[in-house]
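>>> got a sequence here, can you build the structure:
(one chain, ligands or ions: 1)
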Amino acid sequence: MRVSAVAAVENSFRIPSLGTQRRLKILNLRRALQRSSESGRIVDVSPKWRKSLCKTAGMNLTSTAPHARPWCELPAADARCVVGVLTDIDDTLTTLGAITPDARAALAALCATGLHVIAITGRPMGWCEPFAQALDRGGWPVDAIVAENGAVALFREGDVLTTEYAQDGPTRARNAHRLREVAARVLREVPGAALARDSAGRVTDIAIDHAEFAHLDRAQVDAVLAVMRDEGMTATVSSIHVNGWFGEHTKLSGARWIVRRLLARDLDAERERWVYVGDSTNDQLMFGHFPLSVGVANLMAFADVLTTWPPYLTRGARGAGFAEVAARLLAERWVDVSTRHEASRDRGVPD
Ligand SMILES: [Mg+2]
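Presented below is the predicted three-dimensional model:
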């Protein structure tokens, strides 16, 4: 079921959007996504949905998500105003480091309906490169990927993959030596700490693995953060890594930069028209900034340390949660397109 659903979405993604064809295409995408979600890890709908979220994330039932509402309750008017989706990657689109079919189908469906999609991650530039390539080279259907917590942007210009940095060359060169020194200090002073396996692809930061291939407990993570901050770094914790870097850039500054650079749009002037999707404590800045931010269900794994909650939560975890986000937006997009089509027909105007 899921394979055929993904194929339908991927095929539709390549069909030019024209009038009634577009309406039929969106309907097919919507049905395909729905089937994909049904076969995924969606938690059963229940009046006690917060308990379901806790169950999904393996949390104690005493964990709560204050002020967060189910994503399915997003008002239709809000959904119709959306022009783009910003999304984290690890444990939001991916499971164990790989994108799941439902999440990839959701990305394709969002792009096919004309919404902008930009991935924003703590992963390194080198890790992101293959996914920022053209679709026929294994790339993802996104406008751009912002890597290293806002430091690097990768996007396609025709067949050419372009990489741009938030910091200039001399600044990056100055920081490179300091990054190595801090990494050595962390490894020296925090027993059990190890560099993330994707460190070779990093240009502007360092990352300590706490949950991808290694396991650090809370005290060890705090010790890593303490060293990084003592060295003057900005430091955050994702679902898998502790990241540290020199500079003021963040996921939010990276989002502002790439939206202005690629789309000539002012993200702050239209922040209620962008959805942000994330899963971890390093997404809190984005959760607090975007009124339509949403956490996938596995965000509940961080319930006891989260200080800024998104206004919405999905019932599904990881890729299934992201597919749920897309399906809700797509449903309203379908209504919007259908309404405009019927209005055009009533006026005798070809759409
Ligand atoms: Mg994440």
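>>> switch to C-alpha atoms for all contacts and neighbour counts from now on
Will do.
>>> and the closest residue to F155 other than its chain neighbours, how many neighbours?
Spatially, and ignoring its direct neighbours in sequence, F155 is nearest to A144 (4.5 Å; C-alpha to C-alpha, 6 or more residues apart in numbering). Neighbour count of A144, defined by other C-alpha atoms under 10 Å: 25.
>>> neighbours of A303, how many?
Counted with other C-alpha under 10 Å, A303 comes out at 21.
>>> do L285 as well
15.
>>> the residue nearest to F155 and the ion, how far apart?
17 Å (C-alpha to the ion, to the nearest Å).
>>> just D136 next, same as before
According to C-alpha to the ion, D136 stands 26 Å off from the ion.
>>> now that residue, what's its secondary structure?
Following DSSP: H, G, I helix; E, B strand; the rest coil, D136 is assigned to helix.
>>> tell me who's in contact with it.
For D136, the contact set (C-alpha atoms under 8 Å, 6 or more residues apart in numbering) is empty.
>>> now do the closest residue to G84 other than its chain neighbours, the pLDDT please.
Nearest residue to G84, sequence neighbours excluded (C-alpha to C-alpha, 6+ apart): H116, at 4.2 Å. pLDDT, H116: 97.
>>> I'd guessed H116 sits against V83; true?
Yes: at 6.4 Å, H116 counts as touching V83 under the criterion of C-alpha atoms under 8 Å.
>>> show me which of these two is the more surrounded one.
H116 (21 against 16).
>>> what are the phi and psi angles of that one?
In terms of degrees, to the nearest 10, the main-chain angles of H116 are phi -80, psi 140.
>>> then the one 4 residues further on?
Summarising the backbone geometry of I120 under the convention degrees, to the nearest 10, its torsions are phi -130, psi 120.
>>> that one pairs with what?
For I120, the beta-bridge partners are V146 (DSSP bridges).
>>> can you give me the distance of it to the ion?
As defined by C-alpha to the ion, I120 lies at a distance of 9 Å from the ion.
>>> nearest spatial neighbour of F290, skipping sequence neighbours?
The nearest residue in space to F290 (C-alpha to C-alpha, 6+ apart) is R271, at 5.7 Å.
>>> actually L93, not the one I wrote
Nearest residue to L93 in three dimensions, chain neighbours excluded: G319, at 4.7 Å (C-alpha to C-alpha, 6+ apart).
>>> which element is the one you found on?
In this assignment (DSSP states H and E), G319 forms part of helix 318-346.
>>> tell me where the stretch 1-150 of the chain has helices.
2-13, 19-38, 49-56, 76-81, 101-112, 125-132 (DSSP state H, counting those that start in this stretch).
>>> against which helices or strands is the fourth one packed?
With contacts defined as 3 or more C-alpha pairs under 8 Å, 6 or more residues apart in numbering; DSSP states H and E, the packing partners of helix 76-81 are helix 318-346.
>>> try it again with 10 Å
Under the contact criterion of 3 or more C-alpha pairs under 10 Å, 6 or more residues apart in numbering; DSSP states H and E, helix 76-81 touches strand 274-278, helix 318-346.
>>> what's in contact with it?
270, 272-275, 291-292, 328-336 (C-alpha atoms under 10 Å, 6 or more residues apart in numbering).
>>> just the closest residue of the protein to the ion, please.
Using C-alpha to the ion, D90 is the residue of the chain that sits closest to the ion, at 4.0 Å.
>>> dump the residue contacts of that residue.
So, once contact is read as C-alpha under 10 Å, 6+ apart, D90 ends up touching 96-99, 120-123, 238-240, 278-280, 318-319.
>>> please indicate which of those are buried?
99, 120-123, 238-240, 278-280, 318-319 (16 or more other C-alpha atoms under 10 Å).
>>> now render the residues you listed as CSV, adding distance to R185 and pLDDT.
CSV is the format used below for the buried ones among the contacts of D90 (distance: C-alpha to C-alpha, whole Å; pLDDT from 0 to 100):
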residue, distance to R185, pLDDT
I99, 33, 94
I120, 28, 98
T121, 25, 96
G122, 21, 95
R123, 22, 95
S238, 21, 91
S239, 23, 88
I240, 20, 94
G278, 30, 98
D279, 29, 97
S280, 26, 94
R318, 34, 97
G319, 36, 97
